[in-house]
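Colleague: got a predicted model here, sequence first, then my questions.
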Amino acid sequence: MPKNLKNARRRLRLSEVCEALDAMAPLRLAQRWDNVGLLAGDRDTSVRRVLLCIDLTPAVLAEAVRKRVQLVMAYHPPLFKPASRLTAPGPDTSTLMFRCIEKGIAVYSVHTALDAAEGGTNDRIADLCGITDTRPIEFTGGEVEGDSKVVVFVPAEHADFIANAMFQAGAGWIGGYEKCSFRIPGTGTFRGTESTNPVIGRAGRTETVDEIRVEVVTPRTALPDVIDALRRANPYDEPAFDIYPLRGVPQRGIGRFGDLPKSITLAALARRLKKAVGAKYTHIVGAPQQRVTRAVICVGAAGSLPFNLPLGKHDVIITGEIRHHDALTIDRHGCSAVALGHWSSERPVLAPFAGALVERLPALDVTVSESDRDPFACV
């Protein structure tokens, strides 16, 4: 057997699969109220087959057992609120979780992490609308921490010497620029106790010194060396400094909005999306012949999220379901809406997600559930 094929067929640990899922739908992007990640399972067990679904139902569980999968990735978390017990039989999802544990099937949920992720549920609907440039409706607060800012207070005549010491230790880089700092003059005061030996002034006397506040951006990896450098270069026996963690610029968030490739009537857009997602039904809010040019997308249940944006008559909210009073609010804003069905608005992401997961982990056999169903039916 060729070496590369042998490696492709090796069994992976559940922890490796979880790492790949987190890379694709970072858990830090999920809403604070959500329950995402590994909900049940032993991270050291091996995984060969994965089943993707929107909802973990008895039918999906039966399919998972039949296909001998080791992991079910359910978009909606089967355990959302704290469960006091896992028992069977019963109608609750806690029973399904019990059966999964009994069968040795791990359960992982992505939910709002995938909503916010690049290429996730909202981006998939944007793709089906032909939108190429989108922005989140609301940025998440869970971006990865960036560098740190080190602030040190030094005698004015020592500012250059100390700053250069920090630069040599790795601080002061901003993009392609080096030795970057910001400096503010001020007045420092201190009074050393009898146990001290001040470089400036005498112990037991309050001293006033002209100082410079020096600020430098420092990579996390260089932080220990930079702090060591400022201590060594500083004339004070107890240098005063602060470290401020910097957060990265928010890039991801919940929902999407962007311009449609061309003006289209509300009815025509609804029909196109209904066909694209395979929805059984589609509801609209607004006049069918109203022309729309911008889409505000929030899969599942949009709730009040779209109202964070200024909305006009050429805007259309695309979501899964709309409550009665939210529909009235949409009408008062003078804009339009398309409701594709909660399940139908989220299901289109599963096939491309499965393909992306296999691309990351070729050893996995990933399938989209055939038993996963919209709980609503048309009569």
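Modeller: Yep, it's here.
Colleague: where along the protein do the helices fall?
Modeller: Listed in chain order, the helices of the chain (DSSP state H) span 3-8, 14-24, 58-66, 93-103, 111-116, 121-129, 159-168, 223-233, 266-277, 324-333, 342-346, 350-360.
Colleague: most tightly surrounded among these?
Modeller: Across the helices of the chain, averaging neighbours per residue (mean count of other Cβ atoms under 10 Å) puts helix 111-116 on top, at a mean of 27. No exception for glycine: its C-beta is placed from N, CA and C like everyone else's.
Colleague: pull the residues that contact the longest strand along the chain.
Modeller: In the chain, with assignment by DSSP state E, the single longest strand is strand 206-218. Contacts with strand 206-218, where a contact means Cβ atoms under 8 Å, 6 or more residues apart in numbering, come from 147-156, 159, 162-163, 166-167, 170-174, 180-192, 198, 200-201, 226, 246.
Colleague: those residues in strands, which ones?
Modeller: Among the contacts of strand 206-218, DSSP E puts 147-155, 182-191, 246 in strands.
Colleague: quick revisit: show the buried residues in the contacts of strand 206-218.
Modeller: With neighbours counted using 16 or more other Cβ atoms under 10 Å, the contacts of strand 206-218 contain these buried positions: 147-150, 152-155, 159, 162-163, 166-167, 170-173, 181, 188, 190, 192, 198, 226.
Colleague: sorry, back to before: distance to residue 208 added to the helices of the chain, as TSV?
Modeller: Converted to TSV, the helices of the chain look like this (distance: least, Cβ to Cβ, whole Å):
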stretch	distance to residue 208
helix 3-8	69
helix 14-24	53
helix 58-66	73
helix 93-103	66
helix 111-116	52
helix 121-129	58
helix 159-168	17
helix 223-233	22
helix 266-277	70
helix 324-333	60
helix 342-346	65
helix 350-360	61
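Colleague: can you put those helices in TSV and add mean pLDDT and distance to residue 45?
Modeller: Shown next, in TSV, are the helices of the chain (pLDDT from 0 to 100; distance: least, Cβ to Cβ, whole Å):
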stretch	mean pLDDT	distance to residue 45
helix 3-8	48	20
helix 14-24	97	5
helix 58-66	97	15
helix 93-103	93	12
helix 111-116	96	23
helix 121-129	97	28
helix 159-168	96	48
helix 223-233	95	37
helix 266-277	97	35
helix 324-333	95	43
helix 342-346	97	28
helix 350-360	97	18
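Colleague: now for those, which one comes closest to residue 254?
Modeller: Closest of the helices of the chain to residue 254 is helix 111-116, at 5.3 Å (criterion: Cβ to Cβ).
Colleague: not counting its own residues, what contacts the closest one?
Modeller: 24-31, 34-36, 75-77, 120-122, 136, 140, 252-255, 299-300, 349, 353.
Colleague: go on, stretch 297-313?
Modeller: Contacts of stretch 297-313 with the rest of the structure, by Cβ under 8 Å, 6+ apart, involve 115, 121-122, 125-126, 129, 134, 137-138, 254-257, 290, 296, 315, 317-323, 326, 329-330, 333-336, 342, 345-346.
Colleague: walk me through the domains of the protein.
Modeller: For the chain, automatic domain parsing gives the domain ranges 3-117+349-368, 121-141+254-345, 145-247.
Colleague: can I get the ones you listed in JSON lines including distance to residue 377?
Modeller: JSON lines is the format used below for the domains of the chain (distance: least, Cβ to Cβ, whole Å):
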{"stretch": "domain 3-117+349-368", "distance to residue 377": "14"}
{"stretch": "domain 121-141+254-345", "distance to residue 377": "7"}
{"stretch": "domain 145-247", "distance to residue 377": "46"}
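Colleague: which of the ones you listed sits closest to residue 379?
Modeller: Each of those has some distance to residue 379 by Cβ to Cβ; the shortest is domain 121-141+254-345, at 10.6 Å.
Colleague: returning to that earlier point: how about the longest strand of the chain: buried residues?
Modeller: For strand 206-218, by 16+ other Cβ under 10 Å, it's 209, 211-218.
Colleague: among the residues you listed, which two are most distant?
Modeller: Farthest pair in the buried residues of strand 206-218, by Cβ to Cβ: 209 and 217, 25.8 Å.
Colleague: one step back: partner strands of the longest strand of the chain, with direction?
Modeller: Counting by DSSP bridges, the strands paired with strand 206-218 are strand 145-155 (antiparallel), strand 182-191 (antiparallel).
Colleague: what's the longest one in contact with?
Modeller: Contact partners of strand 145-155, identified using Cβ under 8 Å, 6+ apart, comprise 162, 166, 171, 186, 188, 200, 209-220, 223, 226-227, 230, 234-236, 239-248.
Colleague: where does pLDDT dip in this structure?
Modeller: Low-confidence regions of the chain, defined here as pLDDT under 70, cover residues 1-10, 141-146.
Colleague: go again using 80 as the cut-off
Modeller: Along the chain, segments meeting pLDDT under 80 span 1-11, 141-146, 194-202, 247-251.
Colleague: let me know the outermost residue of it.
Modeller: Distance from the C-alpha centroid of the chain, by Cα atoms, centre = their mean, peaks at residue 202 (54.6 Å).
Colleague: excluding its backbone neighbours, what's nearest that one?
Modeller: Using Cβ to Cβ, 6 or more residues apart in numbering and skipping residues adjacent in sequence, the residue nearest residue 202 is residue 192, 7.7 Å away.
Colleague: repeat that for residue 244.
Modeller: residue 149 (4.4 Å).
Colleague: what residues are bridge-paired with the one you found?
Modeller: The residues that residue 149 bridges to, once DSSP bridges is applied, are residue 217, residue 244.
Colleague: for the residue nearest to residue 152 when sequence neighbours are not counted, give me its contacts.
Modeller: Counting by Cβ to Cβ, 6+ apart, residue 241 is the residue found nearest to residue 152 once chain neighbours are left out, at 4.1 Å. By Cβ under 8 Å, 6+ apart, residue 241 lies in contact with 150-153, 227, 230.
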